[in-house]
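Participant: no letters, just coordinates:
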């Protein structure tokens, strides 16, 4: 029997409890989940790709069926190279769906054998995004309920008030 592998791509800048919710739920459906950190030179990130990979690995180190990797180029090519056939995407709101639907349609056009599975976020995380976390952290707001301890420490370090 073939292993069912899903690729969960994103920038994960940084990984949040919303991402982890999707990952935990995906592990109930798939044999393996690859968290694929996108190398996107056109996007300004707070954490380097290497820092994001390290934070994710340390966050999920107790989960044996997760692999953390990075990719450049077309996602569908990466998915095929990993012997996966599913792209996993989380949706928070209807506003996410329109963009994600267009990307899924393009991916299907490029590689019809690759499916996109949309997983709705759990209710407590419907508002949560990495961008919101970074903004709150930059203003020294409370983010303990939004990110794992490892990420919290990294964010506090990035946004230390200057003296």
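Facilitator: Looks like it arrived, so ask away. None of these values were measured; they are calculated from a predicted model.
Participant: okay, CA-based contacts and neighbour counts for the rest of this
Facilitator: Will do.
Participant: in the protein, where is pLDDT below threshold?
Facilitator: Scanning the chain with the threshold set as pLDDT under 70 gives 1, 41, 163.
Participant: so what touches the top helix by length along it?
Facilitator: Taking DSSP state H as the criterion, the chain has its longest helix at helix 94-110. Identification of contacts with helix 94-110 by CA atoms under 8 Å, 6 or more residues apart in numbering yields 75, 76, 89, 91, 114, 115, 116.
Participant: wait, doesn't the second one sit right on residue 114?
Facilitator: The one in question is residue 76. Yes. Assessed by CA atoms under 8 Å, residue 76 is found in contact with residue 114 at 7.0 Å.
Participant: out of the two, which sits in the more crowded spot?
Facilitator: Remark: of residue 76 and residue 114, residue 76 carries more neighbours, 23 against 19, as counted by other CA atoms under 10 Å.
Participant: list the contacts of that one.
Facilitator: 107, 110, 111, 114.
Participant: closest to residue 62 out of these?
Facilitator: Of all the contacts of residue 76, residue 62 sits closest to residue 114, with 28.6 Å by CA to CA.
Participant: OK, contacts around that closest one?
Facilitator: 76, 79, 80, 84, 85, 86, 87, 107, 108.
Participant: just give me the closest of these to residue 125.
Facilitator: Distance ranking of the contacts of residue 114 against residue 125, using CA to CA, places residue 87 first at 20.5 Å.
Participant: tell me which element residue 90 is part of?
Facilitator: Residue 90 is part of strand 86-91, with elements assigned from DSSP states H and E.
Participant: measure the closest residue to residue 90 other than its chain neighbours to residue 155 for me?
Facilitator: Excluding the flanking residues, the one nearest residue 90 by CA to CA, 6 or more residues apart in numbering is residue 119, at 4.9 Å. According to CA to CA, to the nearest Å, residue 119 stands 27 Å off from residue 155.
Participant: neighbour count winner among those two?
Facilitator: When neighbours are counted by other CA under 10 Å, residue 119 and residue 155 differ, and residue 155 comes out ahead with 21 against 15.
Participant: confirm that that one sits in a strand.
Facilitator: No. Under DSSP: H, G, I helix; E, B strand; the rest coil, residue 155 falls outside any strand and is assigned helix.
Participant: residue contacts, it?
Facilitator: 134, 137.
Participant: with residue 14 instead?
Facilitator: Contact partners of residue 14, counting by CA under 8 Å, 6+ apart, are 47, 52, 55, 130, 134, 151.
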